[in-house]
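Asker: Sequence plus predicted model, see below.
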Amino acid sequence: MATRGVAKRRVVKRRAVKTRVVKRRVVKRRAVKKRKRRSAARRRYEATRDTVWGGAALVLVLLAAFWSTVWPYLAGAAVLGGAGAAVGWLRHTDRLVRGRERQRQEQDAIRTGRRSLAAVDAMSWQDFERYVAQLCRRDGCTDVEVSGKSGDLGADVVATLADGRRLVVQCKHYAPHRYVPSGDMQKFVGTAWLHHKADVAVFVATCPFSKPALALAVQHGILALHRDLLGQWNTGTPLPALLSLNGTGQGDRAHRQRWRDTHRS
């Protein structure tokens, strides 16, 4: 039994020694391969470095030998490069300036429109009718007449368009947070065509229209100039151009809520 145990320990020891030897050989081979890879990379780096330095030295030698011939071309290239850079910088600066100017003009237009609508809100209903008549004259209307009184059956402003058609305008100067009810639109529908013989009928208001009122206007061919379209007319859009926008606009709910909050405060 003792002999078997000694023999077994010797076998285990020999295996351990053999394993250590194999591991050392593997590590040594890996180290050799790694050194070879490093050496190859270093040789490539040195070859590239030598090529670059050699090329630079050759260029310097050629420049020194032919300087009197080459320097005008180098100076010209430098001048052209500088001029190109300057032109690029100027164009970039010009684009920035133009972009800022456009933004400023857009903001000024928005502020102007708001100030103008605020001024319109401050008018009396008689002044508002006269102001609408001024806008009609601005857009080329003739024979412009202002009623200026109640009981006019919806014809607050009557005029002749530039193309000869008869224009009848109903004006409502309401607070910006209100809505034109469908009843007001029904009355105008009943008088604009039959009684006033309108070729073009316009209902202009300083506030939005209710949905039934707006639908009724579109159904009967009446241009409903709500607050948003009034703002466009006020800032220079001609009345004929607004005819194609009938039934559109009035903004989204958030936009209308901002107007209500602004004018209630």
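Answerer: Received the coordinates, thanks. Numbering: from 1, shown residues only.

Asker: Secondary structure class of A162, three-state.
Answerer: coil (DSSP: H, G, I helix; E, B strand; the rest coil).

Asker: Identify the bridge partners of V168.
Answerer: Under DSSP bridges, the beta-bridge partners of V168 are V158, A201.

Asker: For it, list the residues it contacts.
Answerer: Applying CB atoms under 8 Å, 6 or more residues apart in numbering to V168 gives the contacts G154, A155, V157, V158, A192, H196, A198, V200, A201, V202. (C-beta placed from N, C-alpha, C; glycine too.)

Asker: Need the per-residue pLDDT for it.
Answerer: Note for V168: predicted pLDDT of 94.

Asker: Repeat that for Q107.
Answerer: Note on Q107: pLDDT of 62.

Asker: what does A7 give?
Answerer: As predicted, A7 sits at a pLDDT of 72.

Asker: and if you look at A205?
Answerer: In this model, A205 is scored at 95, pLDDT.

Asker: Equivalent analysis for D152, please.
Answerer: With respect to pLDDT, D152 scores 63.

Asker: Ok, R114 next?
Answerer: With respect to pLDDT, R114 scores 52.

Asker: Make TSV out of the contacts of V168 and add neighbour count and distance to A86.
Answerer: Output for the contacts of V168, formatted as TSV (neighbours: other CB atoms under 10 Å; distance: CB to CB, whole Å):
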residue	neighbour count	distance to A86
G154	22	66
A155	21	66
V157	26	59
V158	20	63
A192	24	65
H196	18	67
A198	22	63
V200	19	57
A201	24	61
V202	27	56
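
Asker: Out of those residues, flag the one nearest to R130.
Answerer: Of all these, V157 has the smallest distance to R130: 8.8 Å, by CB to CB.

Asker: Please name the nearest non-neighbouring residue to the closest one.
Answerer: Closest residue to V157 apart from its sequence neighbours, by CB to CB, 6 or more residues apart in numbering: V169 at 3.9 Å.

Asker: Let me know whether that neighbour touches L161 as I believe.
Answerer: No - if you go by CB atoms under 8 Å, V169 and L161 don't touch, sitting 11.3 Å apart.

Asker: Of those two, which one has the most company?
Answerer: Between V169 and L161, V169 has the larger neighbour count (other CB atoms under 10 Å), namely 30 against 17.

Asker: Geometric centre of the protein: which residue is closest?
Answerer: Q103 (10.5 Å; CA atoms, centre = their mean).

Asker: C-terminal to the one helix or strand that one maps to, what's the next element?
Answerer: When elements are defined using DSSP states H and E, Q103 is found to belong to helix 67-121. Proceeding N to C from helix 67-121, the next assigned helix or strand is helix 125-138, under DSSP H and E.

Asker: May I see the buried residues of that next one?
Answerer: Neighbour-count burial for helix 125-138 flags F128, E129, R130, Y131, V132, A133, L135, C136 (criterion: 16 or more other CB atoms under 10 Å).

Asker: can you list the weak-confidence ranges in this structure?
Answerer: Residue ranges of the chain with pLDDT under 70: 1-6, 67-68, 70-71, 74, 105-115, 148-152, 248-265.

Asker: H226 contacts K211, correct?
Answerer: No - taking contacts as CB under 8 Å, H226 lies outside contact range of K211: 11.6 Å.

Asker: Give the residues shared as contacts by these two.
Answerer: Common contact partners of H226 and K211 (CB under 8 Å, 6+ apart): none.

Asker: Looking at those two, which has the bigger crowd around it?
Answerer: Neighbour tally, H226 and K211, criterion other CB under 10 Å: the higher count belongs to H226, 24 against 11.

Asker: Now the phi/psi pair for the more buried one, please.
Answerer: Here is the backbone geometry of H226 (degrees, to the nearest 10): phi -80, psi -180.

Asker: cool, and G221?
Answerer: Main-chain dihedrals, G221, degrees, to the nearest 10: phi 70, psi 30.

Asker: what about it, distance to W53?
Answerer: To W53, G221 is 86 Å away according to CB to CB, to the nearest Å.
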